[in-house]
Structure formats: C-alpha cells, structure tokens
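Participant: Sharing a model prediction with you, sequence too.
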Amino acid sequence: NNGASTDSAATHAAAVAGGAVVESGGSAEEASAAAVAAVREAGGSAFVEAHAAAEHTKLSEDERARALVIFRMLDSDGSGVVEPCELSVVVSPKERDQMMAILDTDGNKEVSADEWLVYIALKKHEQGSAKFKKFLGFLGKRVAKALADEAARAKIASGGSVDEVASAAGVAAGKAGANTEERAQAAGEAAGAAVIASGGSKEEASKAAAKAAGAEGGSHKAVAAAAGATVVSAGGSVEEASVAAVKAAASAGASEEEVHEAAAKAAGAAVVSGGGSASEAAQAAAEAAVNNGASTDSAATHAAAVAG
C-alpha cells in the first residue's frame, strides 16, 4: 500500500514472521518455516524465498566447509566465482537457470561463495538435517564425476590411449576430493568410454572399465559399478549392464552374495540413468539379484538398498 514492490513486501513480511517466532522462543527451523510461508503468501520470488529460508537456517562449520569445497570444485577456472557454464557440468540447462534465479543475488550472471552458501542453506531448510547430509555427499560426488568425465573427453579428443584416458579421469576425480572407490569407478568408466570411442564393443569396453577400476585400487564394488555403467553408456540394456557387473565382480574375487549385490546395483543404476523411478530401480534390482541366484529375501534386501 505504500509503494513497495512484491519482492520487497515479501522480504519485510518474512523478516517480521521469522523474527516473531524467534522472539517467542521458537527454533531456527520454525522461524525459517514461518519466514518462507510469509514470502509465499506475499507472492515473493524464489530468490526472496531462498534468502528468507537461509536467514534462519544455519550451516554447521563442517557443512559450510564442505559446501565451499564443492564451490571451489565448480569454479574450474579459479576465478573465485561460478559461472552458468560451470554449473552446467552437474545440472541440466533448466536446472541451471532455476539455480541462477536463486543464486545470482546481484544479477551479474556469476555466483559468489556467499551466494552459494545461501543456496546451500536453502537446501538444508528444504530437506532437513538428515537428508541434507546425504545431499551434500551426493552433490560432491556428482561434481567430481562430472570433472572426471570432462577430463576423459579431453584426453580422448587429443588421441590419448585407454590407460591415459583412465589416468586423466582418476586424477581429476582425486583432485575434486573423490575417495579411492569413486576415483576407481571414474577411471574405469573413462577407460570404457575410450574403448567405445575407438570402435570397441560393449563387452570390450566393460572389460577395460573393470581392469582400469581395479588398477586404480578399486574394490570389487567399484570394478562392477564401472563395468555396468560403461555398458549403459554404450547403449546397453539393464540386463546387459547387470551381466557385465556380475562378470566383473566375480573376476575381482567377489563372494556369491557380493555378486548378487553387484547385479542388483548395476540393474538399479541402469534404470535410474534411463530416467526410471526409485521403485522401478528397486524392482529391476530384485529381478537381477534373483536371476543371478539370490534368494527372495536377499533380493529384497538388495532392492531396498537400491531404492534408498
């Protein structure tokens, strides 16, 4: 009524609502929820909503540190800011544009570390502490995988050998903070991609993937995951991915139960990569485990792990 824009009015409403909760002894979570509700009722933008949530959602020192590690991973050119093209390594163009609408507080088409922390605080508000911890872990792995894939593509384009491609991916993943298993899987998938790029078959690619993952220090789990993912990337079916993972796991010395697990995980991952739901992935995982000799109860256990 006094000339404020919708976003400005929503910002003031959020401050009042959140502040009232705090003054009455409410928790930070309750204050954040009240502030967000006030923004939505006032018709505020996603940008205002994000800041309203972040105002009352505090990141722990560990969460803040992990978020900044991911930010530096995204900042591939070391400029101190993240640009839209750098966000594109982990999200689709649509997701990128949605993120920028929230992240870019000053409209300069760049995201600063402080703006990134606001976005991370928003995700904590949306997901709650337990799910948020998983989200940070997932985001870190996704960035490391994207950077490894980028390094592999560059090495393939320059004519590098399968071993050179695998090494480049492993090094990139390691620099991005990936652990041994994640680094091994990245190296394996890169080796498989190199074989496919040179005209090799899916079977040849999966064998190369398993070999490279093992050479990078990966366990039978990383070896199987790399083999299965390589087959999927080459256009293979869920069943073909599962078969490749089983062969790789068995060759790496996995036990019978571990082979069942490899079959289930590969099938589930193949379904998800194709856009399937968690329930569809779980169903495929159970079927793959049973097809490879698992009992009904064991298959159900593996399916539940995949769905989770």
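Facilitator: It's in.
Participant: okay, now G192: neighbour count?
Facilitator: 34 (other Cβ atoms under 10 Å). (Each C-beta comes from the backbone N, C-alpha and C, glycine too.)
Participant: Are we agreed that it is in a helix?
Facilitator: Yes: applying DSSP: H, G, I helix; E, B strand; the rest coil, one finds G192 inside a helix.
Participant: surely it meets A208?
Facilitator: Yes: under the criterion of Cβ atoms under 8 Å, G192 makes contact with A208 at 5.6 Å.
Participant: Give the residues shared as contacts by those two.
Facilitator: Counting by Cβ atoms under 8 Å, 6 or more residues apart in numbering, the residues touching both G192 and A208 are T230.
Participant: measure R96 to V111 for me?
Facilitator: 11 Å (Cβ to Cβ, to the nearest Å).
Participant: Then V69?
Facilitator: Separation of V69 from V111 (Cβ to Cβ): 15 Å.
Participant: Please apply the same query to Q283.
Facilitator: From Q283 to V111 the distance is 39 Å (Cβ to Cβ).
Participant: These two: which is more packed in?
Facilitator: Neighbour tally, Q283 and V111, criterion other Cβ under 10 Å: the higher count belongs to V111, 26 against 18.
Participant: So what pairs up with the more buried one in the strands?
Facilitator: V82 (DSSP bridges).
Participant: Just to check, it is in contact with C85?
Facilitator: No: the pair V111 / C85 is not scored as a contact, 11.6 Å apart, by Cβ under 8 Å.
Participant: related to what we said a few turns ago, list residues touching both of R96 and V111?
Facilitator: L87.
Participant: can you give me the strands for the stretch 51-200 of the chain?
Facilitator: Read by DSSP state E, counting those that start in this stretch, the stretch 51-200 of the chain holds no strands at all.
Participant: how deep is E189 tucked in, by neighbour count?
Facilitator: Neighbours around E189, by other Cβ under 10 Å: 28.
Participant: Now do the contacts for it.
Facilitator: Applying Cβ under 8 Å, 6+ apart, the residues contacting E189 are 148-149, 152, 169, 209, 226, 229-230, 233.
Participant: G200 now?
Facilitator: G200 neighbours (Cβ under 8 Å, 6+ apart): A208.
Participant: One more: E41?
Facilitator: For E41, counting by Cβ under 8 Å, 6+ apart, the contacting residues are A13.
Participant: so what's it scoring on pLDDT?
Facilitator: At E41, the model reports a pLDDT of 88.
Participant: just S298 next, same as before
Facilitator: At S298, pLDDT is 93.
Participant: That one contacts E258, correct?
Facilitator: No: contact criterion Cβ under 8 Å: S298 and E258 do not qualify, at 11.3 Å.
Participant: tally of neighbours for T230?
Facilitator: 32.
Participant: gap between it and V91?
Facilitator: Taking Cβ to Cβ, one finds T230 at 23 Å from V91.
Participant: Also S198?
Facilitator: Counting by Cβ to Cβ, the gap from S198 to V91 is 30 Å.
Participant: what's the answer for V48, then?
Facilitator: 22 Å.
Participant: out of the two, which sits in the more crowded spot?
Facilitator: V48 (25 against 14).
Participant: Provide a list of residues in contact with the more buried one.
Facilitator: 7, 10-11, 14, 39.
Participant: Pull out the buried positions in stretch 237-255.
Facilitator: Going by neighbour count (16 or more other Cβ atoms under 10 Å), the buried part of stretch 237-255 is 238-252, 254.
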